[in-house]
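Trainee: Quick one, what's the 3D model for this:
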Amino acid sequence: MSRRGATPTPDDEVAGRVYDARLVRRLLAYVLPEITLMAASVSLMFLVMGAQLAQPWLLKRLIDEHLVTGQGAGIGRLALLFLLAFAVEQAARYSQIYTMERTGQNVIRALRAQVFGHLQRMDAAFFDATPVGRLMTRVTTDVESLADLFASGAVSLLGDVVKLVAIIGLLWWMDPRLALVTFAVMPVLFALSFLFRGRIRESYRDVRRRIARINAFLQEAVGGMLLVQLFRREPADRAEFASINRAHRDAELRAVIYESSFSAVIELVGTLATAAIIGYGGWRVAAGALTLGTLVAFLEYTGRFFGPIRDLSGFYAVLQAAMASLERIFALLDTEPSIRSGAVAPADPAAPNAPVGRPRPALAATPSGLIEFDHVRFAYRPGQEVLRDVSFRVEPGRTVAMVGATGAGKTTINKLLIRLYDPTSGTIRLDGVDIRSLALDDLRRRVGVVMQDHFLVTGTIADNIAFGDRTLDREAIEAAARLVHADTFVRALEHGYDELVRERGGNLSVGQKQLLSLARAVAADPAILVLDEATSSIDTETESLIQDALRQVLRGRTSIVIAHRLSTILAADRIFVFHHGRLVEEGRHADLFALKGIYARLCELQFGLAAGDPRRGPATIDLPGLVESTRPSQP
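Mentor: Residues are numbered from 1 along each chain as shown. Predicted structure coming up:
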């Protein structure tokens, strides 16, 4: 059974109306700033149309006034006028296409920037529920489909309609009888358009669905390539991708077949119309009822008549695709984040987020780092609580360790502290202020986090340590690296701090990436530092260096340390033990060890000893003694 990409999501099935005025009105907000370019494009379009329509008329005059009568005077002037009309058409067409494409690209740029900015505002729960491949499709494929709307869109549609009306008027003015012969094929064209329209629309809709599934599959497959290779799943993934890719190819071919068939039928109808004009018009020319120049002009205008009809049928598919894309894009933009920034900003007027002309807020500019969880409950899914009535207090400048089995709720504590999620109930306070009332950027600037998962961006080592903080100079960056003992391996690289980091840090080891993540948090100098398994991927020797560095980093700073390796948290001021979402034990290591509870059991499992065990050999670790020897003196 397929794991991914094969089952369409409801979002994939959004077809969109052929025309939705509500979506068009919203799109106009992005088009209106480009009104000058739009006006220029419309003006140029009329110039192109005028130059096109002048050419057959000049041919008619050349034939009727000179070639048939044998008068040579004036032929050069008509030839120059024809050449001028052609040159004007080409120059104006180039300028019209450029201005229209520039308008479209400007609109796409603005819309894509807004979509990306909106994604940056969305909360963690949104990304938990939404596949990344689908979001990539919104920012790329869906936005790009609007380019076709502008390339062959409203201006071209207006031009084609005006051109058809003008040609119909000219044909009727030159010879109504011959015009009726030309128009006799119109019912056939309408019937064919109606017949092919539904098939072309459905084929393009299917192509978009297949593209979305390819994007979703590639996002997951490439992101998990190491795991795929580890479990030798390459053949199965190749077969699954081949199936999805084959379905996309077949959908594209169906779309090409329908569109090509329709174009061929239009050409056939046009050829039949031309044959009818030649037959009937030639008979009338022979009878002296029609001039040869008029017949040639009719043939030229007829050739220009079927082009806009073919373009109008193609525009129908483009418009339908654009409406579907707009519906999905605006549906994303209408999705509001559940985490909203509060209004309380730093009291320091010089701070980046200090409100202008407002009273001094409750949060101090220089935080003390007091953390309070007050009867906090939280569930990622309704009815499945991860935290159950958790209350604790972390005093400023103290280090608290959190331990417990996987899934006990430790990492969730940190996610709630930086408001990736909000509690289901209860309150979290920072320096006595509910964090929901704080500005998000200020809250997250005060709380530095080193997560288990290391995220490095493509750029230099220095860029990854600074991570967008333009206030950090090279000296501060290098000082942070030295503090966590990353400086040694960085300077061993060919370009040192200017060494380029590949995508996802592919040219660095897991331990090196973890050191850089720690240096990044240190460089930000937060009031509160959260270390979530920050040394889980570091060897024992490096870990001892990190522990020495952490003693310097954590001094005077409120810190929360999550670790499965208990040896890394023995010197914590307090240890919180979590079990099934509850805080069940709290205290110093020696006190908790003596309780012979969950914490003592964890120690027994990791170090092979139990509280009061008399069979301690030379290889065992005297945990209470180690704690007392490494614990800093308390005030």
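Trainee: Show me which positions of stretch 119-137 end up buried.
Mentor: 119, 122-124, 126, 130-131, 133-137 (16 or more other C-beta atoms under 10 Å). Where C-beta positions appear, they are placed from N, C-alpha and C, glycine not excepted.
Trainee: and it, how far apart are its ends?
Mentor: 13 Å (C-alpha to C-alpha, to the nearest Å).
Trainee: According to the record, where do the domains of this protein fall?
Mentor: What automatic domain parsing lists as the domains of the chain is 21-333, 371-609+617-630.
Trainee: Could you tell me the end-to-end distance of the first one?
Mentor: Between the opening and closing residues of domain 21-333 there is a gap of 18 Å (C-alpha to C-alpha).
Trainee: next one: stretch 444-458
Mentor: For stretch 444-458, the end-to-end distance is 23 Å (C-alpha to C-alpha).
Trainee: right, and the domains of the chain - which one's nearest residue 340?
Mentor: domain 371-609+617-630 (8.1 Å; C-beta to C-beta).
Trainee: I'd like to know how many residues surround residue 276.
Mentor: 16 (other C-beta atoms under 10 Å).
Trainee: cool, and residue 392?
Mentor: 16.
Trainee: Export the domains of the chain as TSV, with columns for distance to residue 339 and mean pLDDT.
Mentor: Shown next, in TSV, are the domains of the chain (distance: least, C-beta to C-beta, whole Å; pLDDT from 0 to 100):
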stretch	distance to residue 339	mean pLDDT
domain 21-333	4	83
domain 371-609+617-630	6	82
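Trainee: Figure out which of those domains is closest to residue 342.
Mentor: domain 371-609+617-630 (4.1 Å).
Trainee: Okay, and which of the buried residues of stretch 119-137 map to helices?
Mentor: 119, 124, 126, 133-137 (DSSP state H).
Trainee: What is the most widely separated pair among these?
Mentor: Top of the distance list for those (C-beta to C-beta): 124 and 137, 20.8 Å.
Trainee: and the helix or strand harbouring residue 190, how far from the chain's centre?
Mentor: Using DSSP states H and E, residue 190 falls within helix 186-223. Its chain's average C-alpha position is 22 Å from that of helix 186-223, according to C-alpha atoms, centre = their mean, to the nearest Å.
Trainee: With stretch 390-403 instead?
Mentor: 37 Å.
Trainee: mind checking the end-to-end distance for that stretch?
Mentor: The first-to-last residue distance of stretch 390-403 comes to 14 Å (C-alpha to C-alpha).
Trainee: same for whichever strand or helix holds residue 242, what does it pack against?
Mentor: Applying DSSP H and E as the criterion places residue 242 in helix 234-286. Packing partners of helix 234-286 (3 or more C-beta pairs under 8 Å, 6 or more residues apart in numbering; DSSP states H and E): helix 176-183, helix 186-223, helix 292-333.
Trainee: now the angle from that helix to helix 186-223?
Mentor: Helix 234-286 runs at 160 degrees relative to helix 186-223, counting by axes from the mean of the first three to the mean of the last three C-alpha atoms, to 10 degrees.
Trainee: Need the buried residues of stretch 119-137 in JSON lines (columns: distance to residue 282).
Mentor: JSON lines is the format used below for the buried residues of stretch 119-137 (distance: C-beta to C-beta, whole Å):
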{"residue": "119", "distance to residue 282": "65"}
{"residue": "122", "distance to residue 282": "69"}
{"residue": "123", "distance to residue 282": "74"}
{"residue": "124", "distance to residue 282": "76"}
{"residue": "126", "distance to residue 282": "69"}
{"residue": "130", "distance to residue 282": "66"}
{"residue": "131", "distance to residue 282": "64"}
{"residue": "133", "distance to residue 282": "61"}
{"residue": "134", "distance to residue 282": "60"}
{"residue": "135", "distance to residue 282": "62"}
{"residue": "136", "distance to residue 282": "59"}
{"residue": "137", "distance to residue 282": "56"}
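Trainee: Residue 259 is nearest to which of the helices and strands packed on helix 234-286?
Mentor: helix 186-223 (6.0 Å).
Trainee: Touching the next helix or strand after that closest one from outside, list them.
Mentor: Heading C-terminal from helix 186-223, the first helix or strand you meet, by DSSP H and E, is helix 225-230. Counting by C-beta atoms under 8 Å, 6 or more residues apart in numbering, helix 225-230 makes contact with 221, 233-234, 237, all of which sit outside it.
Trainee: chain center to stretch 293-306, what's the gap?
Mentor: 49 Å.
Trainee: Show me which positions of stretch 373-382 end up buried.
Mentor: Neighbour-count burial for stretch 373-382 [16+ other C-beta under 10 Å]: 373, 376, 378-379.
Trainee: Would you mind writing the CA trace of it as CSV?
Mentor: Output in CSV follows, covering the C-alpha atoms of stretch 373-382 (Å, rounded to 0.1, in the frame of the first residue of the first chain):
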residue,chain,number,x,y,z
PHE,A,373,3.8,27.3,35.5
ASP,A,374,0.4,27.6,37.2
HIS,A,375,-1.9,24.5,36.8
VAL,A,376,-1.0,24.1,33.2
ARG,A,377,-2.7,21.5,31.0
PHE,A,378,-2.0,20.8,27.4
ALA,A,379,-3.0,18.3,24.6
TYR,A,380,-1.8,18.2,21.1
ARG,A,381,-5.0,16.3,20.2
PRO,A,382,-8.3,16.7,22.1
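Trainee: so how many other residues sit close to the closest residue to residue 30 other than its chain neighbours?
Mentor: Using C-beta to C-beta, 6 or more residues apart in numbering and skipping residues adjacent in sequence, the residue nearest residue 30 is residue 107, 4.7 Å away. Residue 107: 25 surrounding residues under other C-beta under 10 Å.
Trainee: what residues are up against residue 107?
Mentor: 27, 30-31, 34, 146, 150.
Trainee: before we move on, what about residue 402?
Mentor: Residue 402 touches 410, 413, 560-562, 575-576, 578, counting by C-beta under 8 Å, 6+ apart.
Trainee: how about a cut-off of 7 Å?
Mentor: 410, 413, 560, 562, 576, 578 (C-beta atoms under 7 Å, 6 or more residues apart in numbering).
Trainee: does it count as helix, strand or coil?
Mentor: Classification of residue 402 using DSSP: H, G, I helix; E, B strand; the rest coil returns strand.
Trainee: State the distance from it to residue 408.
Mentor: Here the criterion is C-beta to C-beta, to the nearest Å. By it, residue 402 lies 9 Å from residue 408.
Trainee: between those two, what contacts are shared?
Mentor: Counting by C-beta under 7 Å, 6+ apart, the residues touching both residue 402 and residue 408 are residue 578.
Trainee: Phi first, then psi, for residue 578.
Mentor: Taking degrees, to the nearest 10, you get phi -110, psi 140 for the backbone angles of residue 578.
Trainee: no no, residue 392
Mentor: Torsion angles, degrees, to the nearest 10, at residue 392: phi -160, psi 170.
Trainee: Across the sheet, point out what pairs with it.
Mentor: Note on residue 392: beta-bridge partners by DSSP bridges are residue 373.
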